[in-house]
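# let me see the structure of the following:
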Amino acid sequence: MKLTWYGHAAFRIEIKSAVILIDPFITGNSTAPVSVEEAGSSVTHIILSHAHGDHVGDTAAIAKKTKAQVICAFELGCLLENQGVKNVFSLNPGGGYDFGAFRATLTLAHHSSALETKDGLLYAGNPCGIVIEAKNEPTLYHAGDTEIFSDMALINEFYQPEIGCLPIGDVYTMDGRKAAAAAKKFFDFETVVPMHYATFDVLDKTPEKFIKEMAGAKTKVLVLEPGKSVEFKERVKSAAA
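Okay, the predicted model is just below:
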């Protein structure tokens with residue numbers, strides 16, 4: 001698995017037979033070092049945690065150009081179809097589906113979700129976290145935008161993610177202290193990647209609070225620079241159920 005961070009909550013995941021974008025907020029993202037065309041190159045799937053503009057981002061443009069399949073909550077999927085996105089697969093929290101190269105499951109997240117249009121805000125279903133499972137790859141959990149909540153322990157129990165992507169910026173999500181508490185109390189991550197910080201003036205500018213709170217934990221904190229990638233070794237494990 002090759003994991004690339006584009007800043008904020010936007011990630012590119014490359015595995016055998018699939019290239020996945022999560023929350024592809026490129027246009028307007030002050031930390032994104034790539035163009036929409038570069039981010040969308042060879043993409044096969046786009047998975048969205050919720051409908052806010054800093055997460056849906058350039059989904060419609062990328063999906064229309066690449067024919068990538070968009071995976072998201074039902075109501076958000078309907079709104080994107082109304083914008084001309086053709087290949088949408090809808091899930092809701094607790095539900096998952098095997099897309100061949102991987103299985104995606106949406107989980108709970110505590111946040112809000114509405115799509116901004118010229119006609120105002122439109123209800124777009126529930127905000128979600130995302131679990132990606134693929135054969136011989138580490139399981140990844142992208143928390144989306146969320147507060148800490150105790151049912152994160154159930155996400156760990158059911159999916160046992162080795163990689164966690166957690167928001168740490170405060171104001172709209174949990175801060176570094178709560179994110180570290182979630183990582184240490186509810187999960188058994190091998191690696192945790194902080195996200196959703198430094199993008200807007202009101203957010204925490206650095207991951208230092210999170211790093212400090214994670215001191216002494218067995219989990220490795222991986223701070224990526226926007227545009228940088230890390231590769232995780234294959235591992236012997238059964239295919240996603």
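
# neighbours of Ile211, how many?
For Ile211, the number of neighbouring residues by other CB atoms under 10 Å comes to 15. C-beta coordinates here come from the backbone N, C-alpha and C atoms, glycine included.

# spell out the residue ranges of the helices in this structure.
Secondary structure of the chain (DSSP state H): helices at 36-39, 53-56, 59-66, 74-82, 152-159, 176-185, 208-213.

# TSV please, covering the ones you listed and showing mean pLDDT and distance to Cys165.
Shown next, in TSV, are the helices of the chain (pLDDT from 0 to 100; distance: least, CB to CB, whole Å):
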stretch	mean pLDDT	distance to Cys165
helix 36-39	97	16
helix 53-56	98	13
helix 59-66	97	18
helix 74-82	97	20
helix 152-159	98	13
helix 176-185	98	10
helix 208-213	98	12
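
# now tabulate those in a markdown table and tack on distance to Ser30.
Listed next are the helices of the chain as a markdown table, based on distance: least, CB to CB, whole Å:
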| stretch | distance to Ser30 |
| --- | --- |
| helix 36-39 | 15 |
| helix 53-56 | 11 |
| helix 59-66 | 19 |
| helix 74-82 | 24 |
| helix 152-159 | 29 |
| helix 176-185 | 20 |
| helix 208-213 | 19 |
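
# what's near enough to touch the residue nearest the centre of the chain?
Residue closest to the mean C-alpha point of the chain, counted by CA atoms, centre = their mean, is His142 at 4.0 Å. For His142, the contact set (CB atoms under 8 Å, 6 or more residues apart in numbering) comprises Ala9, Phe11, Ile22, Asp23, Ile47, Ser49, Gly129, Ile130, Val131, Ile132, Cys165.

# pLDDT value on it, please?
We have a pLDDT of 99 for His142.

# if you rank the contacts of His142 by neighbours, which is first?
Counting neighbours by other CB under 10 Å, the top entry in these is Ile132, with 31 neighbours.

# ok, that one - contacts?
By CB under 8 Å, 6+ apart, the contact set of Ile132 is Ile13, Ile20, Ile47, Phe102, Arg103, Ala104, Thr139, Leu140, His142.

# was I right about the second one contacting Leu48?
No: in terms of CB atoms under 8 Å, Ile20 does not count as a neighbour of Leu48; the distance is 11.3 Å.

# sorry, back to before: how far away is the residue nearest to the centre of the chain from Ser41?
20 Å (CB to CB, to the nearest Å).

# now Asp175
Taken as CB to CB, the span from Asp175 to Ser41 is 34 Å.

# and for Met195?
21 Å.

# what's the answer for Gly95, then?
Distance of Gly95 to Ser41, given as CB to CB: 29 Å.

# over to Lys64?
Distance of Lys64 to Ser41, computed by CB to CB: 15 Å.

# ditto for Ala183
Distance, Ala183 to Ser41, by CB to CB: 32 Å.

# okay, the two: which has more neighbours?
Neighbour count, other CB under 10 Å: between Ala183 and Ser41, Ala183 has more, with 24 against 13.

# contacts only, for the more buried one.
Listed by CB under 8 Å, 6+ apart, the contact set of Ala183 reads Gly164, Leu166, Phe189, Val192, Met214, Ala217, Thr219.

# okay, it and Leu224: tell me how far apart.
16 Å.

# check Ala143 too.
In terms of CB to CB, Ala143 sits 16 Å off from Leu224.

# okay, the two: which has more neighbours?
A direct count of neighbours by other CB under 10 Å for Ala143 and Leu224 places Ala143 higher, at 32 against 19.

# of the contacts of Ala183, closest to Lys233?
Phe189 (15.8 Å; CB to CB).

# thought the closest one was touching Thr219?
Yes: contact criterion CB under 8 Å: Phe189 and Thr219 qualify, at 4.7 Å.
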